[in-house]
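Chemist: Output the structure for:
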Amino acid sequence: MKKGIVTFITTAVFSAGFAVNASAEEIKIKEGDTLSEIAKQKEVSVADLKEWNNLTGDIIHPNNTLELPEYYEIVEGDSLWDIAQENNLTVDKLKDLNDIDSHIIQPGDELILNDVDATNVKAANKTKAATKAKPTEKVASEVEKAPAKQAEPSVEKELTVTATAYTANCEGCSGVTSTGIDLNANPNKKVIAVDPNVIPLGSKVHVEGYGEAIAGDIGGAIKGNKIDVFIPSKADAKEWGRKQVEVKILN
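Modeler: Model (predicted):
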């Protein structure tokens, strides 16, 4: 299938100082509301609420609004590309908002999705985690009784590869991979093209910055430690460019 699919081999351009499209969460103040109650409800500190909204005192007025950052908690299998797509951002915008320069993210960490005092993101994350209420004895007991999580797949092999991106939308493209995956019918499926001598076809893999995928395609230019990641949008495929990433072949 790779013969007919367009491969984008461009240099990824990092852009800074962009305008953020995501909007902050707004809270409309009601009669009787206090900063401390709102802070407790949103699991943030009063100090952060005041700083985000340029308040010098604790007095708030009904019908006014307060703005809060929007957070996303990373889960296993997430990638920056996925999170950016779901929140109408580019990967560069997401990285700039969170002051990160790598595509590596860890489950349990939080990303900010808008520009409410983005310079204080790290401090806000720490405060948010510190102000979360401790579980009661009953809740703790329920946690202890909860079934253990299913074991994560083991890693058979790790390697560094050069990764480019491709789409199924080109003149004469069938959109069907060499293993029979119809990418036009399954545009959200994570598929990579590989050299079968390096990564066996059908392998489940984890690609840094892309997430878990299937080695389901091949290509004439994909030889040795090279892969092509399938991205449905041409613009996003171009944005991916060419980069060095870590690939884990999973059991």
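Chemist: Tell me where the chain has helices.
Modeler: 35-42, 46-52, 80-86, 91-97, 121-130, 137-145, 234-240 (DSSP state H).
Chemist: and those helices, which one's lowest on average pLDDT?
Modeler: Ranked on mean pLDDT, the bottom entry among those is helix 121-130, at a mean of 43.
Chemist: quick one: buried residues of stretch 78-96?
Modeler: Across stretch 78-96, burial judged by 16 or more other C-beta atoms under 10 Å covers 78-85, 87, 89-96. The C-beta positions use only the backbone N, C-alpha and C, and glycine is treated the same way.
Chemist: thought Asn184 was touching Cys170?
Modeler: No: taking contacts as C-beta atoms under 8 Å, Asn184 lies outside contact range of Cys170: 11.1 Å.
Chemist: buried ones in stretch 161-168?
Modeler: Neighbour counts using 16+ other C-beta under 10 Å place Val161, Ala163, Thr164, Ala165, Tyr166, Thr167, Ala168 of stretch 161-168 among the buried residues.
Chemist: wait, which of those residues is closest to Thr34?
Modeler: Nearest to Thr34 among these: Ala165, at 50.0 Å, using C-beta to C-beta.
Chemist: Which residues lie in contact with the closest one in this structure?
Modeler: Counting by C-beta atoms under 8 Å, 6 or more residues apart in numbering, Ala165 touches Thr7, Phe8, Asp228, Val229, Phe230, Ile231, Asp236, Ala237, Lys238, Trp240, Gly241.
Chemist: again, 7 Å this time
Modeler: Phe8, Asp228, Val229, Ile231, Ala237, Trp240 (C-beta atoms under 7 Å, 6 or more residues apart in numbering).
Chemist: who wins for neighbours among those residues?
Modeler: Asp228 (26 neighbours; other C-beta atoms under 10 Å).
Chemist: what's near enough to touch that one?
Modeler: Counting by C-beta under 7 Å, 6+ apart, Asp228 touches Thr7, Thr164, Ala165, Tyr166, Ile192, Ala193, Gly219, Ile222.
Chemist: so can I have CSV of those showing pLDDT and distance to Asp101?
Modeler: Converted to CSV, the contacts of Asp228 look like this (pLDDT from 0 to 100; distance: C-beta to C-beta, whole Å):
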residue, pLDDT, distance to Asp101
Thr7, 40, 26
Thr164, 93, 21
Ala165, 91, 20
Tyr166, 89, 26
Ile192, 94, 24
Ala193, 92, 27
Gly219, 85, 30
Ile222, 92, 27
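Chemist: Closest to Leu250 out of those residues?
Modeler: Nearest to Leu250 among those: Ile192, at 12.7 Å, using C-beta to C-beta.
Chemist: neighbours of the closest one, just the number please.
Modeler: For Ile192, the neighbour count with other C-beta under 10 Å is 25.
Chemist: now swap in Ala47 and tell me
Modeler: Neighbours of Ala47 (other C-beta under 10 Å): 13.
Chemist: Also Val176?
Modeler: 17.
Chemist: beta partners of it?
Modeler: On the basis of DSSP bridges, Val176 is bridged to Asp182.
Chemist: Assess the claim that it and Asn184 are in contact.
Modeler: No: with contact defined as C-beta atoms under 7 Å, Val176 does not count as touching Asn184 (8.1 Å).
Chemist: In the chain, which strand is the longest?
Modeler: strand 155-166 (DSSP state E).
Chemist: Return the list of strands paired to it, each annotated with direction.
Modeler: strand 7-8 (antiparallel), strand 226-230 (parallel), strand 243-250 (antiparallel).
Chemist: Compare the mean pLDDT across those and name the weakest.
Modeler: strand 7-8 (a mean of 40).
Chemist: Verify the stated contact: Leu159 with Asn225.
Modeler: Yes: at 6.1 Å, Leu159 and Asn225 qualify as touching, with contact defined as C-beta under 7 Å.
Chemist: Tell me where the model's unsure across the stretch 151-251 of the chain.
Modeler: Residue ranges of the stretch 151-251 of the chain with pLDDT under 70: 151-153, 171-172.
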